[in-house]
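Asker: everything below, folded, please.
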Amino acid sequence: YAVGKFHLSAHVQQCYVTHTLNYIRGAGQLDGELMETIWGPLKGIVQSMRSMSFEHRREALDHQIRDHNWQKLVSCSTLHHIQ
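Answerer: Down below sits the predicted model:
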């Protein structure tokens, strides 16, 4: 397993050597902090999810994350056309 680059500095030196994304084959230049970037958009639905069943909660999260990804894709294509 790996520790995200932002959180890795808070760990001891031995963690860096064994759990950094820099040395994991296929990781590329990931920062490992994807979940951190979507907490903000997910905060809007947290209250309503408390009363949901596990399956419904998973479906709602899936919908929100897909929408978040779609919004990022649309904004990237808009920026690409401006340049």
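Asker: contacts and neighbour counts: CA atoms only from here.
Answerer: Will do.
Asker: where does this protein dip in pLDDT?
Answerer: 1-3, 5-9, 11, 16, 27-36, 78-83 (pLDDT under 70).
Asker: pull the longest helix from the protein.
Answerer: helix 54-82 (DSSP state H).
Asker: may I see the buried residues of that one?
Answerer: By neighbour count on 16 or more other Cα atoms under 10 Å, the buried set for helix 54-82 is Arg57, Ala60, Leu61, Gln64.
Asker: other SSEs contacting that helix?
Answerer: Counting contacts by 3 or more Cα pairs under 8 Å, 6 or more residues apart in numbering; DSSP states H and E, helix 54-82 packs against helix 34-42.
Asker: returning to what we had before: quick one: which of the buried residues of helix 54-82 is nearest Cys15?
Answerer: Nearest to Cys15 among the buried residues of helix 54-82 is Leu61, at 31.1 Å by Cα to Cα.
Asker: now that closest one. Nearest residue, chain neighbours left out?
Answerer: Nearest residue to Leu61 in three dimensions, chain neighbours excluded: Leu42, at 7.8 Å (Cα to Cα, 6 or more residues apart in numbering).
Asker: that neighbour: how many residues sit nearby?
Answerer: Leu42: 14 surrounding residues under other Cα atoms under 10 Å.
Asker: that one contacts His63, correct?
Answerer: No. Using Cα atoms under 8 Å, Leu42 is not in contact with His63, being 10.6 Å away.
Asker: and the gap between the residue nearest to Leu61 and Asn22?
Answerer: 29 Å (Cα to Cα, to the nearest Å).
Asker: CSV for the buried residues of helix 54-82, including distance to Ser51?
Answerer: CSV is the format used below for the buried residues of helix 54-82 (distance: Cα to Cα, whole Å):
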residue, distance to Ser51
Arg57, 9
Ala60, 12
Leu61, 14
Gln64, 17
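Asker: and for Ile45, the neighbour number?
Answerer: 13.
Asker: correction: the previous question concerned Lys43.
Answerer: Around Lys43 there are 9 other residues, counting by other Cα under 10 Å.
Asker: list the contacts of it.
Answerer: With Cα atoms under 8 Å, 6 or more residues apart in numbering as the criterion, no residue contacts Lys43.
Asker: got it, and Met49?
Answerer: Per Cα under 8 Å, 6+ apart, neighbours of Met49: Arg57, Ala60.
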